[in-house]
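>>> Mind looking at a prediction? Sequence and model below.
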Amino acid sequence: MPRKLLTAAVAVLLMAPLMLPAAASAQTSGAYVDGAEPWTESDCAGGIPVVVGADAKAQSDSYSAVTLAGVLDTDCVILAGPRDGDMTAAQRARLEDAAEGGYVVGGTAAVPEAKIAGRDMTRLGGATRWATAQQVGSEAAALAAGTEPEPAAAPDTTLTAPADVSAPGLFLDGAEPWIASDCTGDTPIVVGGDAKAQSDIYSAVTLVGVVGTDCVILAGPRDGAMPASQHTSRCR
C-alpha cells in the first residue's frame, strides 16, 4: 500500500480490507487514487459514506476523507467525480447502497449539492484546502471523544511562508497560518518539506485539528537539512 494513503489515516488504525483492482472510472481529472481502492471501490452496503471530489484540486480532500473514514470505522469513500463532471454510475450505486447520512469533505465547488441531492449529510469544508483539512481533524477528534467539535480559531492570513521552505513541486499556498505561525508553547507537528511529502503535509494540518495546535514544522527535503526558519525560530 503506498505510504501516501497509509499516512493519510494519521494516528487512526484502519482494518485494511482486501486490496481491490483499480477501477478506470475512478482515475479522473488528474486525481491520485492509486492505493485507495480499499476505500473507493469497497462494498458500501450499510456503511457510513464519506463523499469527496475526484479531481486534482480535491486531492487534499481525499487524504482527509480517508482519515475521517478511519474514525467512523467505515471503508465507504465515495468519489463524486470532477467538479465540472458527473459522478460515475459505479460510485453513485455505492452511495445508494450506503447508510443514510454521512459526510461530505470539501466545499460546494468541489462537491456540488446536486451530487448528493436527497441525502442529509454533514459537510466539512473550509475556505481553503488547508482549512478543510483542519476542520476534518476537529470533527474526527470530536467523534472520537463523543463531543461536539469546537470551532477552529480564524487562521492568521497575514503570515507569509519563509523563503527557505520552498521546494520544487511543493504546494504551500494557503498553508502560511500553520507553517509560519508562532510555535511558542504549542505542540509541534513535524513533517517533511518536499514534493514527495505533499500528502503528509495535508495530513499534518488534519492532525492540527485533532491536537488543537497551529504549529506545523517543515523538516525540509529528505536529502537536506531542516530550514533555518523552522529549526531556530519555531522549534523552541
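Okay, I see it.

>>> Can you tell me which residue is spatially central in this structure?
In the chain, the residue lying closest to the centroid (C-alpha atoms, centre = their mean) is residue 64, at 2.2 Å.

>>> Shouldn't that residue be within a helix?
Yes - under DSSP: H, G, I helix; E, B strand; the rest coil, residue 64 sits within a helix.

>>> Quick check: it vs residue 133, distance?
Here residue 64 is placed at a distance of 5 Å from residue 133 (C-beta to C-beta, to the nearest Å). Bear in mind the C-beta positions are built from the backbone N, C-alpha and C, glycine included.

>>> what sits in contact with each of those two?
In terms of C-beta atoms under 8 Å, 6 or more residues apart in numbering, residue 64 and residue 133 are both contacted by the residues 202, 203, 206.

>>> Kindly state the beta-bridge partners for the residue nearest to residue 39 when sequence neighbours are not counted.
Closest residue to residue 39 apart from its sequence neighbours, by C-beta to C-beta, 6 or more residues apart in numbering: residue 77 at 4.0 Å. In this entry, residue 77 is beta-bridged to residue 50, by DSSP bridges.

>>> Just the pLDDT at residue 77, thanks.
In this model, residue 77 is scored at 98, pLDDT.

>>> OK, contacts around it?
Contacts of residue 77 by C-beta under 8 Å, 6+ apart are 36, 39, 40, 42, 49, 50, 51, 52, 62, 65, 66, 69.

>>> That'll do, ta.
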